[in-house]
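Sequence isn't available, so here's the structure alone:
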């Protein structure tokens, strides 16, 4: 006698065991395109809109797909550029050492000495906020210009850094560099706060060059490495330039403290003339700054020197493409975006709004097919969570109100502890490759046999169960499958609808047939169980977990 529960278990286990290998193959097997063509942006199909929303939001929803079909990509982007930022509240500052009435294990310690309130706010914003694109771009910037809660442990100290990213996501990159340089959390994290002419610290000087702006080697506009006469790459800077920037960044420290023992992490850092190195400095491209300049003047000139470097466009542009669209953009795609960074069409350099628009509306992002391109990227845990939850109208555990956003434990279990990246190199390196291939796959830095199983377990938890109400989860989280239950009587129709909704019809015929067989083995009543089985099997597939 056939046992539906055993069949379902076998399917769950089978998907879990093959998921890691399937994802490794998917970037090279399922994302190849044919001839590239220009998409009509005025009347996109539901499938095309869904792909566009995977790039520009925390996940497509049925209502949002319909909205974009009605108004088109251009108007949707304009709506997003104008939408007020959800952002993060400015929290009360607490002393570095928790007071006696805020003991370990208390809600006071949780709320004021961990990333808990910011993590919850992040997921609430992602699930329900109207400023979806700003949030996606800000999170991409967070992964490029890193501050980590591993060291900046208090949410009140981290929130102003996150506000800088939100505020400048559609602004100018030069202004972003200025605000992030003087942000106290960054000042603490990379040791610019208190940097003194007597013993200049190299940390911020090195990382703003290597990671936040120009990278290690000279680039062509298409992101490829420039080579010297012997075929070797050309470094962008040397130790002398690092030393010069280390001296340039001296003389800055926290603004006046609001209370004794409570440093000011809200206001930008301020200059201290006595601590600033006023000697001459030679920066990138041999540009020299004269002696006797103030800390503010040196800072302005130094940031201009970095901002005007020709490497910034391809270096930052390529990483934004990787975070939003595809791990392996063609050189032509990178060059088109780099050119927009250099000139937004009105003579302005560094206009991130124009850069983001160019990334999202580029033919390689919007076309169904692209030449010589392994399209897409593995959804990192945060994106996997938001995609699944937005698709099925996540609400509270009883669906009477909204989710509380207590979802970071799920993300952390899959390898991504939100706002706590392990190093200045972020959650994963942009240079990480897909194992066994020559393709880039940065998010695969979080993928191993253990985390691949945990990804399947996460889908299982959300589909067949919920996050229950508890001390840390005041309302809990669950999904709403009611829209698909009327189709449960016809497994083929149910799977076809979910295939179109979740993967834009990308499931192979073999996968569709296998899932239909599994759903047929589940009793027709209650209909919810059939829907859950189908959603689970699609949600754990490589075709769903790799965004294309």
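Done, it's in. Source: prediction; values computed, not measured.

element containing residue 175?
Assigned by DSSP states H and E, residue 175 falls within helix 173-181.

what about that helix, distance to the chain center?
Distance of helix 173-181 from the chain centroid (C-alpha atoms, centre = their mean, to the nearest Å) equals 19 Å.

The stretch 151-300 of the chain: helices as residue ranges?
155-168, 173-181, 184-189, 203-210, 239-248, 295-307 (DSSP state H, counting those that start in this stretch).

Figure out which of those helices is closest to residue 451.
Closest approach to residue 451 among those (C-beta to C-beta): helix 155-168, 24.8 Å. In this view, the C-beta of every residue, glycine as well, is placed from N, C-alpha and C.

Next, the angle from that closest one to helix 173-181.
170 degrees (axes from the mean of the first three to the mean of the last three C-alpha atoms, to 10 degrees).

Can you give me every residue that contacts residue 67?
residue 76 (C-beta atoms under 8 Å, 6 or more residues apart in numbering).

can you rerun that using 7 Å?
Listed by C-beta atoms under 7 Å, 6 or more residues apart in numbering, the contact set of residue 67 is empty.

per-residue pLDDT, it?
At residue 67, the model reports a pLDDT of 97.

Surely it is in a helix?
Yes. Looking at residue 67 with DSSP: H, G, I helix; E, B strand; the rest coil, it is inside a helix.

so how far is residue 197 from it?
56 Å (C-beta to C-beta, to the nearest Å).

For the stretch 351-500 of the chain, which segments are assigned as strands?
Applying DSSP state E, counting those that start in this stretch to the stretch 351-500 of the chain gives strands spanning 377-378.

low pLDDT regions in it?
369-374 (pLDDT under 70).

try 50 this time
Applying pLDDT under 50 to the stretch 351-500 of the chain flags the ranges 370-373.

quick one, phi/psi of residue 330?
Reported as degrees, to the nearest 10, the phi and psi values for residue 330 are phi -70, psi 160.

per-residue pLDDT, it?
Looking at residue 330, the pLDDT reads 95.

what do you get for the one 5 residues further on?
At residue 335 the predicted local distance difference test score is 98.

That one contacts residue 222, correct?
Yes. Between residue 335 and residue 222 there is a contact under C-beta atoms under 7 Å: 3.9 Å.

helices and strands around the helix or strand where residue 50 lies, which ones?
Per DSSP H and E: residue 50 is located in helix 46-56. Under the contact criterion of 3 or more C-beta pairs under 7 Å, 6 or more residues apart in numbering; DSSP states H and E, helix 46-56 touches helix 62-82, helix 132-144, helix 352-361, helix 363-366.

mind checking which of these is nearest residue 486?
The minimum distance between residue 486 and the helices and strands packed on helix 46-56 falls on helix 62-82, with 14.4 Å, by C-beta to C-beta.

Show me which residues of the helix or strand following the closest one are buried.
For helix 62-82, the following helix or strand on the C-terminal side (DSSP H and E) is helix 107-112. Neighbour counts over helix 107-112 (16 or more other C-beta atoms under 10 Å) mark 110, 112 as buried.

How far off centre is the helix or strand following helix 107-112?
Next along the chain after helix 107-112, taking DSSP H and E as the criterion, comes helix 116-128. Helix 116-128 has its C-alpha centroid displaced from the chain centroid by 14 Å (C-alpha atoms, centre = their mean).

do stretch 290-298 as well
For stretch 290-298, the distance to the chain centre is 36 Å (C-alpha atoms, centre = their mean).

can you pull the contacts of residue 236?
209, 214-218, 311.

For PyMOL, write a command that selects the buried ones of these.
To isolate the buried ones among the contacts of residue 236 in PyMOL, judged by 16+ other C-beta under 10 Å, type:
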select buried, resi 209+214+215+217+218+311
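
so which pair among the contacts of residue 236 is furthest apart in space?
Farthest pair in the contacts of residue 236, by C-beta to C-beta: 209 and 218, 12.5 Å.

Pick the most buried one from the helices of the stretch 151-300 of the chain.
Burial of the helices of the stretch 151-300 of the chain is given as mean neighbour count (mean count of other C-beta atoms under 10 Å); helix 184-189 ranks first at a mean of 24.

packing partners for that one?
helix 155-168.

Now do the helix holding residue 50 against helix 352-361, angle only.
Using the same axes, to 10 degrees: helix 46-56 against helix 352-361 is 140 degrees.

And for helix 46-56, what's in contact with it?
39, 44, 60, 64-65, 68-69, 73, 132-133, 136, 324-325, 360, 365-366, 368, 504-505, 547-548.

what number of residues lie near residue 56?
The number of residues packed near residue 56 is 25, by other C-beta atoms under 10 Å.

and it, how far is that from residue 458?
In terms of C-beta to C-beta, residue 56 sits 24 Å off from residue 458.

what about the stretch 151-300 of the chain, any weak spots by pLDDT?
In the stretch 151-300 of the chain, no residues with pLDDT under 50.

one step back: mean neighbour count, the helices and strands packed on helix 46-56: which tops it?
Comparing those on average neighbours per residue, with mean count of other C-beta under 10 Å, the densest one is helix 132-144 at a mean of 24.

the inter-axis angle of that helix versus helix 62-82?
70 degrees.

And the contacts of helix 132-144?
Residues contacting helix 132-144 (C-beta under 7 Å, 6+ apart): 56-58, 80, 83, 85-86, 125-126, 129, 165-166, 169-170, 212, 316, 319-320, 323-324, 356, 426-427.

hmm, 8 Å instead?
55-58, 77, 80-81, 83, 85-86, 125-126, 129, 162, 165-166, 168-170, 176, 211-212, 316, 319-320, 323-324, 352, 356, 382, 419, 421, 426-427.

Kindly report the same for stretch 84-103.
Defining contact as C-beta under 8 Å, 6+ apart, one finds that stretch 84-103 is touched by 104, 108-109, 112-113, 117-118, 121-122, 125, 129-131, 134-135, 154-157, 159-160, 162-163, 166-167, 258-259, 261-266.

Mind putting the helices and strands packed on helix 46-56 into JSON lines with distance to residue 279?
Formatted as JSON lines, the helices and strands packed on helix 46-56 follow (distance: least, C-beta to C-beta, whole Å):
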{"stretch": "helix 62-82", "distance to residue 279": "43"}
{"stretch": "helix 132-144", "distance to residue 279": "31"}
{"stretch": "helix 352-361", "distance to residue 279": "34"}
{"stretch": "helix 363-366", "distance to residue 279": "47"}
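
Out of these, flag the one nearest residue 188.
helix 132-144 (16.3 Å).

what's the angle between that closest one and helix 116-128?
Going by the same axes, to 10 degrees, helix 132-144 makes 140 degrees with helix 116-128.

so for helix 132-144, what's the average pLDDT?
Rounded mean pLDDT across helix 132-144 is 98.

will you turn the helices of the stretch 151-300 of the chain into CSV that also has distance to residue 348?
Converted to CSV, the helices of the stretch 151-300 of the chain look like this (distance: least, C-beta to C-beta, whole Å):
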stretch, distance to residue 348
helix 155-168, 15
helix 173-181, 10
helix 184-189, 25
helix 203-210, 22
helix 239-248, 25
helix 295-307, 12
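
do you know which of these lies nearest residue 272?
helix 295-307 (7.4 Å).

Tell me the helices and strands packed up against that closest one.
helix 173-181, helix 239-248, strand 288-289 (3 or more C-beta pairs under 8 Å, 6 or more residues apart in numbering; DSSP states H and E).

And the ones you listed: which comes nearest residue 446?
Per C-beta to C-beta, nearest to residue 446 of these: helix 173-181, 24.7 Å.

tell me the angle of the closest one relative to helix 203-210?
Using the same axes, to 10 degrees: helix 173-181 against helix 203-210 is 160 degrees.
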